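Visitor: Sequence first, then the predicted structure, then my questions.
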Amino acid sequence: MSRFGKWVRRNSPRREELLESRWLKPFAHRISHSELWRFTRRSVPRGVALGLFVGIFLLLPGVQIIGVALLALPCRANIPLGAAMTFLSNPATTPFIIAFSVYVGNVAFGLHADVSTFDRLMAQGASMSQWAAWFLSDAAPAFLAGLLIVSVASAAIGYVLASVIWTAWLRQKWRIRLRQRIKARMHAIAEALDD
């Protein structure tokens, strides 16, 4: 758990960096609220869910963190964790997310977008006009519907997993504290009996 915490701290934007962003400056007084930066039982799962939803649905690297910061306000989600979760959609995972979203959109709504065309465009390094032509075919509804389903499902799964892991981590932390207190009491009793 400590390695993940270090990774989050290292890769998440600092509060000062976010507050200096020209896109977030109008909301800086609200985003700087300490509740959005604390790791609590409620804010951690919300931050994970929000980060997964925004990170997968938007797929635009610069916009994702700004989206998380703005949506964290009404959701009362943890901003650093939400921002870190957006990194799960990166240049290495984006093609898989797009292909899976098209597949899910096809299955869910009976659409007929061609996933093999997507693979071929990726393999040949297609131009923007070729991508636009593919996207404006029947791929757009399948892609957007599938992307919405995938991002909502990922957010729900992330929320549940974060809640379970956070609760287990807190219980373990309290067990360790309790053992230390008991050990200290037993040591104090043993010393008192020796005297």
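Guide: Yep, that arrived.

Visitor: from the chain's centre, how far out does the helix or strand harbouring P74 sit?
Guide: Using DSSP states H and E, the element containing P74 is helix 61-75. Offset of helix 61-75 from its chain centre (Cα atoms, centre = their mean, to the nearest Å): 11 Å.

Visitor: Report the buried residues of it.
Guide: Buried residues in helix 61-75, counted by 16 or more other Cβ atoms under 10 Å: Q64, I65, I66, G67, V68, A69, L70, L71, A72, C75. (C-beta placed from N, C-alpha, C; glycine too.)

Visitor: can you check stretch 142-162 too?
Guide: Across stretch 142-162, burial judged by 16+ other Cβ under 10 Å covers 142-143, 145-151, 154-155, 158-159, 162.

Visitor: Next, the contact list for the residue nearest to G55 when sequence neighbours are not counted, please.
Guide: The shortest distance from G55 to any residue other than its chain neighbours is 3.5 Å, reached at T86 (Cβ to Cβ, 6 or more residues apart in numbering). Contacts for T86 (Cβ atoms under 8 Å, 6 or more residues apart in numbering) come out as G51, V54, G55, Q64, I65, V68.

Visitor: Let me know the helix or strand that the closest residue to the fifth one other than its chain neighbours is in.
Guide: Spelled out, it's I65. Nearest residue to I65 in three dimensions, chain neighbours excluded: A83, at 4.7 Å (Cβ to Cβ, 6+ apart). Using DSSP H and E, A83 maps to helix 79-85.

Visitor: can you check R41 too?
Guide: Here R41 is assigned to no helix or strand, by DSSP H and E.

Visitor: Same question for R185.
Guide: Judged by DSSP H and E, R185 forms part of helix 140-194.

Visitor: okay, now I165: neighbour count?
Guide: 15 (other Cβ atoms under 10 Å).

Visitor: So for it, what's the pLDDT?
Guide: We have a pLDDT of 92 for I165.

Visitor: same thing with F39?
Guide: Looking at F39, its pLDDT reads 86.

Visitor: How about the contacts made by the nearest residue to it once chain neighbours are set aside?
Guide: Leaving aside its sequence neighbours, F39 sits nearest to N78 (Cβ to Cβ, 6+ apart; 6.1 Å). N78 sits next to L36, W37, R38, F39, T40, S43, V44, R46, G47, A72 when contact means Cβ under 8 Å, 6+ apart.

Visitor: burial measure for the third one, as a count.
Guide: By other Cβ under 10 Å, 13 other residues sit near R38.

Visitor: How about the secondary structure of it?
Guide: coil (DSSP: H, G, I helix; E, B strand; the rest coil).

Visitor: Can you report how many residues lie near G125?
Guide: Number of residues near G125 (other Cβ under 10 Å) recorded here: 7.

Visitor: Equivalent analysis for R30, please.
Guide: The number of residues packed near R30 is 13, by other Cβ under 10 Å.

Visitor: ok, it touching L73?
Guide: Yes: when contacts are counted by Cβ atoms under 8 Å, R30 is listed as touching L73 (5.6 Å).
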